[in-house]
Structures are given as C-alpha cells and as structure tokens.
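Enquirer: Build me a model from this:
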Amino acid sequence: MSLNIGPFKEKKRTHNIFGLTPPRPTEEDMKWVMDSFNHAAKKISPLWDIRDYVAVNPFFGLKEKSFLETINYIKSVSGKNLIPKKYFFLKKYKCGEITELDLEIAMKLSSQENGAHSSSPIKYQDLVEFIQNPQPPHSSQQKIYCISDLCDLQNQSQTTERITQEVSKWSAAYFDEVQALWKIPTQNQRFYKWWKSLSRFDTSFEKVSVDFTIFVDSLPEEPEKALQQLTKKLMSQISLNPSQLTDYYYRLIFTVLGWSSYIQKFEFEALRTGN
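Expert: Here you go, the predicted model:
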C-alpha cells in the first residue's frame, strides 16, 4: 500500500527499515544533510531546568516568521492549533474584555500582514458572527509527516509515541544528575555514542524487529555520519526532496520537543560563551 500524505509519498518498494544495512554516502554528496538538520535545530528554543530556569520566547527559533506564519507552521508540523477555541474569544467578547476597538485593531493588523493575500476586507460584524458560530469538528491540519507517522496512519499503531518514549527514557538516563537510584555512567561520551554502546542490551524493539541491535551496530560511531547514512536510507523509502529535509527533521525534533529544547540550551550556552 502506498501513502501520499502531505509533501511526502511512501514508495511502493518498501523494506524492513531495521533489516537492511544502509548504504554509506560520501561526505561531499551528503553535506546538505547537516545543513538541513542544523537549520531545523535552530528553530528550537532553548529550555533551562527548574534550577536555573530562564524565561525564553518559545518561538525564538522562528523569529524570522510572523506570528500567523509561525502558528500555521506549527500546525503543519504537529496538527496542533495554538490559537484558543472560539468559545474562549466569545466569552471574552460577551464580558467586555474584548471590545469593538480590539476587533478594529485586529482587523487592521490582519490587513497589513495579509496584504494582497486577503480576498476581501474583513468587517467587524464578520468577526462577531465567526466567533458566535459553533466550532467545526476538529480535523488535523498536519501536513508534514515522518515515516513513523505514516506507519501509524497505515497500521493504526503508536510507533511515533513509542519512539518518543524511548528517546525520553535514554535522555533522562543520560542527563540525570541526582534523581536516579542507579546512575548509568556516561564516561564523558557524547549522547549518541553512549546510547549506541548500551542499546544492544535493550530489548524494547525485539517485537518490532529481531534485527534492531544488528542495525544499530552497523551504524557509524559518529552521529553526523549516522544521520547522513540514515537520511540516504530514508530517501530510498519515501519520495523526499532535499529541500524538504529541514521540515522533515523539524517534525522529528518536534516529537521530542521537551528534550530537544533542553539539549538546545547546551548549544545556546556554548555559542554564548564561545566554549
């Protein structure tokens, strides 16, 4: 069965994603992989732990986009609408917290932002009628899917959620400072290399594929080369243009947004201190 969902299409020729050793790309051929990944990572705002908590604009990494562009982009990646439901605005309007002046200012700002993209001017009464009409049934507006999302849609499974749980499990173990009763030593290894050395003892994916540990062992020791290698394998499974890679990587990062934001703080601090 072939899926054509959003910008990505699953190819008819599919294989066991854990059962094959990925081809090894050259650095020259795959340089754009790291450029795409770094661009996606920059969209993530850093997050500090509660001990040294610093308030950060959650959209800091998307500051080049307008507010509405950011809302629509997040919606396309996650299917989540960050704008409150209609009844929230209706309640505020009825109690006078949202006034006619507020609506006029909103219409003016919308007109300035949309410009020629607006088919017809919005009127004050249009907004009032809009929030008074019932909320339509929720339908996902997600447009960017990773391959585990496609697997879930095709098989009614929870692969993406399971991967998120696994990433969270290993992240919690690696970054733990005082909470674990039995701390796994990291020996100053980078996260990827540390995970790779221990994953062979983890049986979480045995029901998915008996070849998972063999597959992990076949990966390069350097995370950058592993990313390049896996990306090439990915692009042999689904039709994905190089120009779409940044959005694809961002979708992957978004599935573990909390840990991604926490890890991003180390990158932020390194750039700030020059260390």
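
Enquirer: in the stretch 1-150 of the chain, which spans are strands?
Expert: Here the stretch 1-150 of the chain has its strands, by DSSP state E, counting those that start in this stretch, at 4-5, 8-10.

Enquirer: worst average pLDDT in these?
Expert: Sorting the strands of the stretch 1-150 of the chain by mean pLDDT places strand 4-5 lowest, at a mean of 41.

Enquirer: shouldn't residue 159 be in contact with residue 146?
Expert: No. The pair residue 159 / residue 146 is not scored as a contact, 9.6 Å apart, by Cβ atoms under 8 Å. Just so you know, the C-beta spots here come from the backbone N, C-alpha and C atoms, and that holds for glycine as well.

Enquirer: which one of these two has more residues nearby?
Expert: residue 146 (22 against 16; other Cβ atoms under 10 Å).

Enquirer: who touches stretch 193-206?
Expert: Among residues not part of stretch 193-206, those counted as contacts by Cβ atoms under 8 Å, 6 or more residues apart in numbering are 18, 166, 170, 174, 184, 186-187, 189, 212-213, 216-217, 219, 221, 223.

Enquirer: Now a ChimeraX select for only the buried ones of those residues.
Expert: Selection of buried members from the contacts of stretch 193-206 for ChimeraX, criterion 16 or more other Cβ atoms under 10 Å:
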select :166,170,174,212,213,216,219
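
Enquirer: Out of the contacts of stretch 193-206, name the two that are farthest from one another.
Expert: Farthest-apart pair in those is 18 and 187; separation 27.2 Å (Cβ to Cβ).

Enquirer: Low-confidence ranges, the chain, go.
Expert: 1-30, 114-121, 137-140, 208-210, 242 (pLDDT under 70).

Enquirer: phi, psi of residue 239?
Expert: Main-chain torsions, residue 239, degrees, to the nearest 10: phi -80, psi 110.

Enquirer: What values do phi and psi take at residue 82?
Expert: Per-residue torsions, residue 82: phi -80, psi -10 (degrees, to the nearest 10).

Enquirer: Give me the nearest residue to it, chain neighbours excluded.
Expert: residue 71 (5.3 Å; Cβ to Cβ, 6 or more residues apart in numbering).

Enquirer: residues contacting the closest residue in space to residue 90 that isn't next to it in sequence?
Expert: Nearest residue to residue 90 in three dimensions, chain neighbours excluded: residue 131, at 4.7 Å (Cβ to Cβ, 6+ apart). Contact analysis of residue 131 by Cβ under 8 Å, 6+ apart lists 86, 89-90, 93.

Enquirer: burial of residue 70, as a residue count?
Expert: Neighbour count for residue 70, taken as other Cβ under 10 Å: 18.
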